[in-house]
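Trainee: Sequence unavailable; structure follows:
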């Protein structure tokens with residue numbers, strides 16, 4: 001499963017230094033990679049980042065959310081991108097264009113994606129949190145498509161397919177280690193998807 005980092009959508013923290021939030025995320029990722037998610041405490045993360053345990057909770061409610069900083073802003077960003085996408089072409093094409101735009105912005109602000117993916121894959125708790133995040137993304141896409149006057153069934157199906165496609169594209173981008181851009185990876189996924197669907201339709205007709 002793919003894990004979108006939302007660094008560029010982190011909430012602004014007027015009362016606290018936003019650089020501290022970034023240090024906490026970095027410290028947590030290092031510790032989780034070194035010792036395993038279940039074996040790391042909030043106190044250890046705070047100490048590595050150079051702050052107190054009490055100060056940690058000014059930024060994150062628990063040790064899980066430090067890996068999902070700003071994820072609450074992603075659905076709104078995607079929803080807006082889908083609403084702004086050209087109305088020419090199919091709903092799926094428009095949605096994939098929107099996801100390519102948002103994904104390209106995201107990857108300009110993230111690093112150590114492979115490590116983050118590995119940490120999340122190692123923990124059922126983090127996997128569940130990731131599923132919650134992706135469900136929110138799917139819901140945002142569906143809502144935007146409904147506002148574009150797409151019928152309920154089609155909006156739901158397109159949202160689900162687009163979310164899966166974006167996950168797959170992000171995996172490809174991560175595995176390419178920067179040798180491919182996100183839009184190229186998403187285009188490749190979309191082409192593969194179309195080929196698969198076309199082949200299935202042709203097979204069904206010939207039976």
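Mentor: In hand now; what should we look at? Quick caveat, the model's predicted, so the values are computed rather than measured. Numbering: from 1, shown residues only.
Trainee: so where do the helices sit in the chain?
Mentor: Assigned by DSSP state H, the chain shows helices spanning 18-35, 42-49, 53-56, 74-84, 91-107, 113-121, 124-147, 152-175, 182-206.
Trainee: Using TSV, lay out these together with mean neighbour count.
Mentor: Just so you know, the C-beta spots here come from the backbone N, C-alpha and C atoms, and that holds for glycine as well. Converted to TSV, the helices of the chain look like this (neighbours: other Cβ atoms under 10 Å):
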stretch	mean neighbour count
helix 18-35	18
helix 42-49	18
helix 53-56	15
helix 74-84	19
helix 91-107	21
helix 113-121	18
helix 124-147	18
helix 152-175	19
helix 182-206	13
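Trainee: With distance to residue 67 and mean pLDDT as extra columns, can I get the ones you listed in CSV?
Mentor: CSV is the format used below for these (distance: least, Cβ to Cβ, whole Å; pLDDT from 0 to 100):
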stretch, distance to residue 67, mean pLDDT
helix 18-35, 7, 93
helix 42-49, 11, 97
helix 53-56, 14, 96
helix 74-84, 14, 95
helix 91-107, 15, 91
helix 113-121, 6, 91
helix 124-147, 7, 96
helix 152-175, 15, 95
helix 182-206, 20, 80
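Trainee: For residue 62, which of those helices is the nearest?
Mentor: Closest of the helices of the chain to residue 62 is helix 42-49, at 7.2 Å (criterion: Cβ to Cβ).
Trainee: hmm, who's touching the closest one?
Mentor: Residues from elsewhere that reach helix 42-49, judged by Cβ atoms under 8 Å, 6 or more residues apart in numbering: 20, 23-24, 26-28, 30-31, 52-53, 55-57, 62-63, 66.
Trainee: Which per-residue confidence value corresponds to residue 109?
Mentor: With respect to pLDDT, residue 109 scores 65.
Trainee: Can you name the residues that contact residue 57?
Mentor: Residues in contact with residue 57 (Cβ under 8 Å, 6+ apart) are residue 42.
Trainee: measure it to residue 24 for me?
Mentor: According to Cβ to Cβ, to the nearest Å, residue 57 and residue 24 sit 11 Å apart.
Trainee: Now the two most distant members of the contacts of helix 42-49.
Mentor: Farthest pair in these, by Cβ to Cβ: 30 and 57, 19.8 Å.
Trainee: Residue 187 is in contact with residue 172, correct?
Mentor: No - at 10.4 Å, residue 172 does not count as touching residue 187 under the criterion of Cβ atoms under 8 Å.
Trainee: How about the contacts made by residue 65?
Mentor: Residue 65 neighbours (Cβ under 8 Å, 6+ apart): residue 129.
Trainee: What separation is there between it and residue 50?
Mentor: Residue 65 sits at a distance of 19 Å from residue 50 (criterion: Cβ to Cβ).
Trainee: do residue 61 as well
Mentor: Separation of residue 61 from residue 50 (Cβ to Cβ): 20 Å.
Trainee: ok, now residue 175?
Mentor: 33 Å.
Trainee: what does residue 113 give?
Mentor: 24 Å.
Trainee: now swap in residue 25 and tell me
Mentor: From residue 25 across to residue 50, the span is 13 Å (Cβ to Cβ).
Trainee: With residue 135 instead?
Mentor: Applying Cβ to Cβ to residue 135 and residue 50 gives a distance of 35 Å.
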